[in-house]
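> sequence and predicted model, in that order:
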Amino acid sequence: NIEGCKYIWQTLSDSKADRKSLLINLGGGVIGDMGGFAASTFKRGIDFINIPTTLLAQVDASVGGKLGIDLNHIKNEVGIFNFPKAVFVCPKFLNTLDARQINSGFAEVIKHALIADKKYWPEVKSFDKRSGDFTKLIVRSIEIKNKIVKADPKETGLRKILNFGHTIGHAMETFSLEGTAATLLHGEAVAAGIVCETYLSHKKLKLTKEELHEITSYIFANYRPVRLDKFDEHRLIELMKHDKKNEKGAINFSLLREIGNTKFDACCSISQIKDALKYYREFSI
């Protein structure tokens, strides 16, 4: 990602771009992040717009003003908050994606329903990703995220709920990128993280067994299980310690009280996290 930013900076410089220039980011979430970060720092900031072409970028990554790049294999270790001048979403771009990319992006749709809209959840569960019209889902997900971001643009409180599934999910994704396990797409890792963090929600916040089973069963019906025997548990926990929600050395999570009702800054112990990983392994067998 840093090399990508260097390339964009050099291209802007070679093209004699000035502080009145506009950078157009056409692509998925990584392109939006790199382009937005590069634009925000070139000559102390030029304008940019996002045209997201993946489901993941359309429902989540291109919206909200978070611009992050990886450092030392840690996801989004360097970044800033800066909003694009505009985001143009065209669902027709989804016709260019394979089923795996669609499924990856859909994990963020699932997350939005679980954290903020119980009535949206049945619609998400029944949606046919092969033949359904994504436009309505994209609009609803953007509405959910925009409402949260407007209430807390710098992630000092409420916006942290958007990280549900991501504390463990980001650790799995990062570990897979280190080359020891099969590489996971972002949404595949988040789906696994949702299962683990739903289990923590049950143990910490008394999420019902029925909702725990409902969410877990849906994820495993739609996402291939991650082979956690290929993952180093100690390394996963070390990666979780880099999560930006953490405070004073404690690993913080955003967890569900119930579907549609989320608590942020829920601290979990190492033993509880290990239990959640164990739950995932046992359910996936």
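Yes, it's here. Numbering: from 1, shown residues only.
> show me where the protein has helices.
For the chain, applying DSSP state H gives helices covering 2-14, 29-41, 55-56, 99-116, 120-126, 134-151, 166-177, 186-205, 209-222, 233-240, 270-284.
> the fourth one - what's its average pLDDT?
Which is helix 99-116. Helix 99-116 shows an average pLDDT of 98 in the prediction.
> could you find the closest non-adjacent residue to I259?
Spatial nearest neighbour of I259, excluding adjacent residues (CB to CB, 6 or more residues apart in numbering): K118 at 4.9 Å. Heads up, the C-betas are built off the backbone N, CA and C, glycines and all.
> how many other residues sit next to the one you found?
Using other CB atoms under 10 Å, K118 has 13 neighbouring residues.
> what do you get for S62?
29.
> what residues are up against it?
N25, G29, G32, N50, P52, P84, V87, V89 (CB atoms under 8 Å, 6 or more residues apart in numbering).
> quick check, nearest of those residues to H186?
Using CB to CB, G29 is the member of the contacts of S62 that lies nearest H186, at 7.2 Å.
> how many residues are close by the closest one?
Count around G29 with other CB under 10 Å applied: 23.
> surely it touches G187?
No: checked against CB atoms under 8 Å, the pair G29 and G187 is beyond contact range at 10.1 Å.
> list residues touching both of those two?
L56.
> of the contacts of S62, which belong to strands?
N25, N50, P52, V87 (DSSP state E).
> identify, from these, the entry nearest to K278.
Using CB to CB, the ones in strands among the contacts of S62 come closest to K278 at P52, 36.4 Å.
> what residues are up against the closest one?
G27, G28, G29, G32, Q58, A61, S62, V87, V89, F93.
> just give me the neighbour total for the fourth one.
The local packing count at G32 equals 27, with neighbours defined by other CB under 10 Å.
> the fifth one now?
Around Q58 there are 30 other residues, counting by other CB under 10 Å.
> surely it touches V139?
No: the criterion here is CB under 8 Å, and Q58 misses it with V139 at 10.0 Å.
> and C267, what is it in contact with?
A250, I251, N252, F253.
> let's see it at 7 Å
C267 sits next to A250, I251, N252 when contact means CB atoms under 7 Å, 6 or more residues apart in numbering.
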